[in-house]
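Asker: Please work out how this folds:
(one chain, ligands or ions: 1)
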Amino acid sequence: MVNTLEKYHRKRHFTKTSEPEGGEITPYKSPIFVLQKHRATRLHYDFRLEIGGVLKSWAVPKGPTLDPFEKRLAVPTEDHPIEYADYEGVIPEGEYGAGTVMVWDKGTFEHIPEGGETPEKAVEIGHIAFRLNGKKLHGGFALIRTGKGGERWLLIKMKDEFANQMWDPDKESRSALSGRTMDEITNAEE
Ligand code: MN
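Answerer: As a prediction, this is how the structure comes out:
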């Protein structure tokens, strides 16, 4: 099997960062998703879906939206180990992704196949639809690759009873894991 965590490992020094090295957890029965708020050089959200034994990952600069008429840019990043879904803390200065990480939302998801394809195949094709069962996020979403470069995807809310044009992710300021704010997580490690 191809080690899809190679990039993840290459970028980090596990003697310095508190992030997990991974490889301990076997896949969950119901695949999980996590959205981590990450105050690095620029504040962004990292969206991850458990697919093929790893967390497939996208950086979403503006965070998710519940407005089906808005599209949010999602830039693919390296696969992360499943353990990363519970990672909340501060990546030290000088390390890759230095800054505070919050588990902003976490839960399970159901892939919605368009034609019987697996989630792995859907990601490869560049079009995956899914239903989220989180604490903050619910209902249908899709991640769609646009253009030829392959570096640009869009995160879109599907029209359903959970769509909401008035909702703003920045107003949901507490961790789904610990109830802490970004500042509380930061201060806990100082
Ligand atoms: Mn990040």
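
Asker: could you check the distance from residue 144 over to residue 78?
Answerer: 20 Å (Cβ to Cβ, to the nearest Å). The way it works is simple: take the backbone N, C-alpha and C, and place the C-beta from them, glycine included.

Asker: same deal with residue 16?
Answerer: Counting by Cβ to Cβ - residue 16 and residue 78 are separated by 18 Å.

Asker: cool, and residue 88?
Answerer: 19 Å.

Asker: burial measure for residue 113, as a count.
Answerer: 14 (other Cβ atoms under 10 Å).

Asker: doesn't residue 122 make contact with it?
Answerer: Yes - using Cβ atoms under 8 Å, residue 113 is in contact with residue 122, at 7.0 Å.

Asker: Endpoints of stretch 50-63, how far apart?
Answerer: 19 Å (Cα to Cα, to the nearest Å).

Asker: for stretch 14-29, same thing?
Answerer: Note: stretch 14-29 ends 28 Å apart using Cα to Cα.

Asker: buried sites along that stretch?
Answerer: 17, 19-20, 22 (16 or more other Cβ atoms under 10 Å).

Asker: any idea how far that stretch is from the chain center?
Answerer: 15 Å (Cα atoms, centre = their mean, to the nearest Å).

Asker: let's have the chain start at 815 instead
Answerer: Okay, using 815 as the starting number, the last item reads as stretch 828-843.

Asker: Other residues contacting that stretch?
Answerer: Identification of contacts with stretch 828-843 by Cβ atoms under 8 Å, 6 or more residues apart in numbering yields 819, 822-823, 826, 864, 867, 894-898, 901, 903-906, 908-910, 922.

Asker: run the last query once more with 7 Å
Answerer: Residues outside stretch 828-843 that contact it (Cβ atoms under 7 Å, 6 or more residues apart in numbering): 819, 826, 864, 867, 895-898, 901, 903, 905-906, 909.
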